[in-house]
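Enquirer: any chance you can model this:
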Amino acid sequence: MNAFVYHEDYNKYDLAPGHPLIGDKPRRTLRFLKEKNLLDDYFDVFTPMKAGIKDLLRVHAESYVDHIIELSRKGGFLSSDTPAPKGIYEIASLAAGGSILGGCKLFEGYECSVNPLGGFHHASRDHSSGFCFFNDIAITIEYLREKHNVKRFAVIDLDVHHGNGTQDIYASDPTVLNISFHQDGRTLYPGTGSLDMIGEGEGKGYTVNLPLPPGTVSADYMHAFDEIIPPLILQFKPEIIIYQSGVDTHHSDPLAGLKLIYQTYYHLARRIKNLSDETCRRLLVLLGGGYSTEASVICYYNIICGLLDLDVFIKEEEILSDYEYEIYKNPYGSEIETLIQGLKGLLKPYWKL
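Expert: Next comes the predicted model:
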């Protein structure tokens, strides 16, 4: 069986009128899964509690947590792109608590857990932006490290934006294999995640970045995934995999420029679930970014279908007209192959690729 973590207050993670982060996306995702008969048949649903101060301080500086609490009390801005509405501390803590609960369920007999409000990968120890307040990925890692004595974590971050906060936290930590596929930081926020950033000190080789050019299509993306991610995961042998499954890589997303299609998310989720089955049978899925709400809900549905190995996913051609098949064109195949081979060369001292 699988676990799904949900709280109605998730939908209060709404930063401002007109802001691209839409607050009711968790509710709409839940409703769509229920309409498709996926939730009740395949998941046990659990209600999270807020992450406590102790949980937050395993990752974040006390001064930073105090700053979020003060912003939450008064309202204001965490950064130029991230409004901090009153009460955001409670909702951000609840999101982190959801990821903690999802992680814990993997040590209670569940092989897969899903948190629809998670993956806030831009939050570093003492600063953040990019719509993120607390790094629930790192908070969950440190909670499981302490409470369940987990020694090897793999993060597969497929959000279109580079997970700079997670990288900052774990760049020198060889117990966390942190893999990020993202749009090239020279063309998109946060401007980090270059190919040659492979970690620091003892963590050299355990940070893996593949920055992709705008316009990258599904065929190239899947080829890059197959060339890089399975060999690393199978060699690392994680005790848990955390899948940041941001869907702002979809071609309709207004904030970015990759060109993935709906069925890609099914195939990515299926591959990652298979990797979990081959290594640890513990997969925490955080439904990360996605700023075209209608498209995001379909992508999340396809991810769930992939996790469950159900061939009922929605295909792009069921929705788009022939005219829009421009997204299938492949302008960057040779450039992406060069990136793949360059990354393999950088990682060769540490991995067999």
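
Enquirer: the most centrally placed residue in the chain and residue 122: what is the separation?
Expert: The centroid of the chain falls nearest to residue 244 when counting by CA atoms, centre = their mean (1.7 Å). Distance of residue 244 to residue 122, computed by CB to CB, to the nearest Å: 11 Å. Any C-beta I mention is one placed from the backbone N, CA and C, and that applies to glycine too.

Enquirer: what do those two both touch?
Expert: Common contact partners of residue 244 and residue 122 (CB atoms under 8 Å, 6 or more residues apart in numbering): residue 163.

Enquirer: residue 236 reaches residue 175, doesn't it?
Expert: No - judged on CB atoms under 8 Å, residue 236 makes no contact with residue 175 at a distance of 10.0 Å.

Enquirer: tell me the bridge partners for residue 46.
Expert: Following DSSP bridges, residue 46 is listed with bridge partners residue 5.

Enquirer: got a list of what it touches?
Expert: Residues near residue 46 by CB under 8 Å, 6+ apart: 3-6, 101, 105.

Enquirer: 10 Å instead, please
Expert: Counting by CB atoms under 10 Å, 6 or more residues apart in numbering, residue 46 touches 3-7, 98, 101-102, 104-105, 110, 113, 115.

Enquirer: what's the farthest-apart pair in the residues you listed?
Expert: Spatial extent of the contacts of residue 46 (CB to CB) is set by the pair 7 and 110 at 17.9 Å.

Enquirer: picking up where we left off before, same drill for residue 236 and residue 175, tell me which one is more crowded.
Expert: Ranked by neighbour count (other CB atoms under 10 Å), residue 236 and residue 175 place residue 236 first, with 20 against 17.

Enquirer: would you confirm that that one contacts residue 153?
Expert: Yes - counting by CB atoms under 10 Å, residue 236 does reach residue 153; the two are 9.4 Å apart.

Enquirer: any residues in contact with both of these two?
Expert: Contact criterion CB under 10 Å, 6+ apart; residues shared by residue 236 and residue 153: 175-177.

Enquirer: quick one: which of those residues sit in strands?
Expert: Taking DSSP state E, the ones among the shared contacts of residue 236 and residue 153 that sit in strands are 176-177.

Enquirer: quick one, what contacts the residue nearest to the centre of the chain?
Expert: Contacts of residue 244 by CB under 10 Å, 6+ apart are 118-121, 136-137, 155-159, 163, 166, 179-180, 284-289.

Enquirer: rerun that using 7 Å as the cut-off
Expert: Residues near residue 244 by CB atoms under 7 Å, 6 or more residues apart in numbering: 119, 121, 137, 155-159, 163, 286, 288.

Enquirer: let me have those residues in TSV, adding neighbour count as columns.
Expert: Formatted as TSV, the contacts of residue 244 follow (neighbours: other CB atoms under 10 Å):
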residue	neighbour count
119	29
121	33
137	32
155	28
156	27
157	27
158	28
159	25
163	33
286	29
288	27
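
Enquirer: which two in those are spaced the farthest apart?
Expert: Spatially, the most separated pair among the contacts of residue 244 is 137 and 158, at 12.8 Å (CB to CB).

Enquirer: need the residues touching each of residue 236 and residue 175.
Expert: Common neighbours of residue 236 and residue 175 (criterion: CB under 7 Å, 6+ apart): residue 152.

Enquirer: re the thing from before, from the contacts of residue 46, pick the one nearest residue 254.
Expert: Among the contacts of residue 46, residue 115 lies closest to residue 254 (CB to CB), at 24.0 Å.

Enquirer: the closest one and residue 99 touch, don't they?
Expert: Yes - contact criterion CB atoms under 7 Å: residue 115 and residue 99 qualify, at 5.0 Å.

Enquirer: pull up the overlap in contacts between the two.
Expert: Among the neighbours of residue 115, those also in contact with residue 99 (CB under 7 Å, 6+ apart) are residue 286.

Enquirer: please enumerate the strands of the stretch 251-353 of the chain.
Expert: 283-286 (DSSP state E, counting those that start in this stretch).

Enquirer: distance of the residue nearest to residue 80 when sequence neighbours are not counted relative to residue 78?
Expert: Leaving aside its chain neighbours, residue 80 sits nearest to residue 129 (7.5 Å; criterion: CB to CB, 6 or more residues apart in numbering). Residue 129 is 7 Å from residue 78, where distance means CB to CB.

Enquirer: give me the more crowded residue out of the two.
Expert: Legend: neighbour count by other CB under 10 Å for residue 129 and residue 78, higher for residue 78 (22 against 18).
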